[in-house]
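Enquirer: how would this look folded up:
(one chain, ligands or ions: 1)
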Amino acid sequence: MERSKLKSLLAELTLDEKIGQLVQLSGEFYNASDISLGPQRKLGITQRTVDLSGSVLNVVGAENIRAVQKDHLQKSKHAIPLLFMADIVYGYRTIYPIPIGMGSSWNPELIQKAYKSTAEEAYAGGVHVTFAPMVDLVRDPRWGRTLESTGEDPYLNSQFAKAMVNGFQFGLNEGKGIASCVKHFAAYGAAEAGREYNSADMSLVNLYQNYLPAYKAAVKAGAKMVMTSLSTLNGVPSTADRWLIQDVLRKQWGFEGVVISDYASVFELIQHGFAKDAVDAAGKALQAGVDIDMKSPCYAQGLQPLLEDGKLSIDKIDDAVWRVLTLKNNLGLFENPYRGASSELEKTTILTESKRKVARQVSRESLVLLKNDNDILPLNIKDNKSVALIGPYSSEKELLGLWAVHGDRQATVTFEDGIREYLGEKLNVAKGTDIIRDVAFFDQSGMIPGLAKKVISSDEIESDNFKSALATANEADIIIFTCGEHTMQSGEAGSRTKLRLPENQMRLFNALVQTNKPIITVVVSGRPLILSEVAEKSQALIQAWFPGTEGGHALADIIFGKTNPSGRLSMSMPFNEGQLPMSYNYLSTGRPERTSQHVGRFVSRYIDAPTKPLYSFGYGLSYGKVRYHDLQCVNNIQKSGFLEVSIKIDNVGKYDRDEVVQVYIHDIEASIVQPIRRLIDFKKVHIRTGESRAVNFLIDKNKLGFYDQQGNFRVEPGRFKLFVGKSSEDTLEENFVL
Ligand code: BGC
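Expert: Take a look at the predicted model:
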């Protein structure tokens, strides 16, 4: 529709029609069998609000969407189509590894491809907007939503944010793809003590330097929407934070798209003690710049009285409605309200071989080999050693993680399926124990009371499982032990203080250790767990995250060496919970542990645990051996605008491999104390066995800068250290002066 026509449409709308465009309700309000009065009454939503509302939450599937849209258009006087928004977070039906796993790929190009594939599936399923990517930086794995983040580093997160938005929105202007809504603005991942929905409190320097870059990268990549967070930042709920939305997002970053609240977060302004009632909450959120109120009655009930009382100008409402209509128009909905929704297209797009192929590749690159004593991996089928696959995740289809809400669980390739493709009948499998046997945990996780008892095996079955696992282990030469968190232990509202494997799994593991057979441990989890004991007692350790639909294939490809592992952690793996929160890029202290002039006690460290994590940011093993040498750094900033960095890498092992070459700096003299090192560039390069190659980086001067206490960016002259290598700890170094 032409802009002028859209303007006329806006002018024709009555006040309640306008307000309707700013209200988002969930599917239950549109599904005839579900329009029970329960939720409507609870929210105080009337049928008129439902008929006028502008968008729908989490209704997916071509047929579903076509039906709801058709019905809505028949009722809508101006035939304004609904926007269908859904949480397509890391896959639609084909599920990829969870984002903390994708972070380990250090391969934004591949991730862009994955998100483009996802968008193709979701497009066929009728979705218009996805509530993703979640780009919240996280330094505390106690937070359950670590699962949805690509990790602890602002630079790496920004590269992924951009890739994900570009993937989702590929071809958007030509009527393809889906629009991306980046979330949760801002600093939701800094929830104090890792407790879900808790407050974030931080300096402007920290906010600008670490937490804001990934949202900014998503906005600059063209994300059409931004979602506010459920939490407060420095005492102000993000959903009513004028400074964040208007100054930072709109003025500083030039964002012109739609801002939406998180689920009920406008209403929750009352609970925060920031608004006195629903009307007040509506005013505070809209004035701050929130256009759409997701799943709360505030805008529907509060905007009209505010206008009548002269507390709100119609211009404010018009601006918000204009942004919503513009998005609908840009997606071509006025011409084709059904857009991609097509059952035929679903059949030829969803879970196809080519989609699975991308998922398998992402999954391979997300697995991180953390330990490989005596090069026990890769396993050689020709050795004819007998392998036992033991543990509760061995034949488990639930490898998708909590936010794969639209994923097809039946389509999962299990670890057993994948390994059997290599070993056939030679593979012996035993579950050994349940994932978790704690009834109280299931009850607290919101499971229907009583259901836990059905999920957990009886004591008798458990004891039989345990015995048969030990018998299977005793007959084998090598044990692959699969273990990990239950799906319900991570994801939204999955904060935990104990990040260990469930006790019953540890009991089984320790019994397996007693057999003295080599153990290859595979960990499934939504966050870095505390693996100190497991690592010590295993010969090899693979962090598998929730690896997605193709997880079983990917694991087998790694175990048998079809793929050389290349995953590198995008988040530190702590030694114990007491170290949290932690990140590799902490600020220099006056008493650094190793280089302080003080000795003994009075340096910055713990007296009962290492200062360092068990495995550091950027760490991960591959098969074979490489040598890094000849680091060179030429400061050509005056002439070419770049710092020119090169390093040579020799592959001296017997396997081709991918290296993630990482570049860090430390600004030694700065007006704001700087991190001991921080990532400024990286490349994932393929090096064949016997090959020796140079890897070059052109570092833009701006990558050397930082933010001051007013949020201004500056690049200061002075001395720097440059580190290039395999991880945040294993590097060569050089000095340079700017
Ligand atoms: C989550 C969001 C999500 C929204 C809609 C909220 O509970 O915080 O991430 O997009 O629900 O499902």
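
Enquirer: for the residue lying closest to residue 596 once chain neighbours are set aside, which three-state class applies?
Expert: Leaving aside its sequence neighbours, residue 596 sits nearest to residue 603 (C-beta to C-beta, 6 or more residues apart in numbering; 4.6 Å). The way it works is simple: take the backbone N, C-alpha and C, and place the C-beta from them, glycine included. Following DSSP: H, G, I helix; E, B strand; the rest coil, we place residue 603 in the coil state.

Enquirer: report the contact partners of residue 603.
Expert: Neighbouring residues of residue 603 by C-beta atoms under 8 Å, 6 or more residues apart in numbering: 591, 592, 593, 596.

Enquirer: for the residue in the stretch 251-400 of the chain that the ligand sits nearest to, what are phi and psi?
Expert: In the stretch 251-400 of the chain, the residue that lies nearest the ligand is residue 263 (3.8 Å; C-beta to the nearest ligand atom). The phi/psi pair for residue 263 (degrees, to the nearest 10) reads phi -50, psi 110.

Enquirer: does it touch residue 292 like I think?
Expert: No: using C-beta atoms under 8 Å, residue 263 is not in contact with residue 292, being 11.7 Å away.

Enquirer: what's the closest of the contacts of residue 603 to residue 641?
Expert: residue 592 (33.0 Å; C-beta to C-beta).

Enquirer: excluding sequence neighbours, find me the nearest residue to the closest one.
Expert: residue 604 (6.3 Å).

Enquirer: check whether that neighbour really touches residue 595, as I assumed.
Expert: No: in this structure, residue 604 is not within contact of residue 595 by C-beta under 8 Å, at 10.8 Å.

Enquirer: compare the two and say which one has the larger neighbour count.
Expert: Remark: of residue 604 and residue 595, residue 604 carries more neighbours, 14 against 8, as counted by other C-beta atoms under 10 Å.

Enquirer: against the ligand, how distant is that one?
Expert: 36 Å (C-beta to the nearest ligand atom, to the nearest Å).

Enquirer: next, the contact list for that residue, please.
Expert: Residues counted as contacts of residue 604 (C-beta under 8 Å, 6+ apart) are 589, 591, 592, 593, 596, 611.

Enquirer: cool, and residue 716?
Expert: Neighbouring residues of residue 716 by C-beta under 8 Å, 6+ apart: 667, 670, 671, 705, 706, 738.

Enquirer: looking at the residues you listed, which is nearest the ligand?
Expert: Taking C-beta to the nearest ligand atom as the measure, residue 706 is the one of the contacts of residue 716 closest to the ligand, at 30.0 Å.

Enquirer: can you count the residues close to the nearest residue to residue 248 once chain neighbours are set aside?
Expert: In this structure, residue 248 finds its nearest non-sequential neighbour in residue 212, 7.2 Å apart by C-beta to C-beta, 6+ apart. Around residue 212 there are 26 other residues, counting by other C-beta under 10 Å.

Enquirer: still on that earlier bit, just read off the phi/psi values of the residue nearest to residue 592.
Expert: The phi/psi pair for residue 604 (degrees, to the nearest 10) reads phi -80, psi 100.

Enquirer: related to what we said a few turns ago, for the contacts of residue 603, give me CSV that also has secondary structure.
Expert: Shown next, in CSV, are the contacts of residue 603 (three-state DSSP):
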residue, secondary structure
591, coil
592, coil
593, coil
596, coil
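
Enquirer: for the residue of the stretch 601-738 of the chain found nearest the ligand, which non-adjacent residue is closest in space?
Expert: Closest to the ligand within the stretch 601-738 of the chain is residue 617: 25.0 Å, counting by C-beta to the nearest ligand atom. Spatially, and ignoring its direct neighbours in sequence, residue 617 is nearest to residue 584 (3.9 Å; C-beta to C-beta, 6+ apart).

Enquirer: pretty sure that neighbour is touching residue 618, no?
Expert: Yes: if you go by C-beta under 8 Å, residue 584 and residue 618 touch, sitting 7.4 Å apart.

Enquirer: got the contact list for the residue in the stretch 451-600 of the chain positioned nearest to the ligand?
Expert: Using C-beta to the nearest ligand atom, the closest approach of the stretch 451-600 of the chain to the ligand is made by residue 492 at 5.8 Å. By C-beta under 8 Å, 6+ apart, the contact set of residue 492 is 144, 145, 196, 402, 403.

Enquirer: go through those and flag which are in helices.
Expert: Counting by DSSP state H, no part of the contacts of residue 492 is found in helices.

Enquirer: hang on, the earlier thing: and the contacts of residue 716, which two are furthest apart?
Expert: Greatest spacing in the contacts of residue 716, by C-beta to C-beta: 671 and 738 (13.5 Å).

Enquirer: look at these two and report which has more neighbours.
Expert: Shown here are residue 671 and residue 738; by other C-beta under 10 Å, residue 738 has more neighbours (16 against 12).
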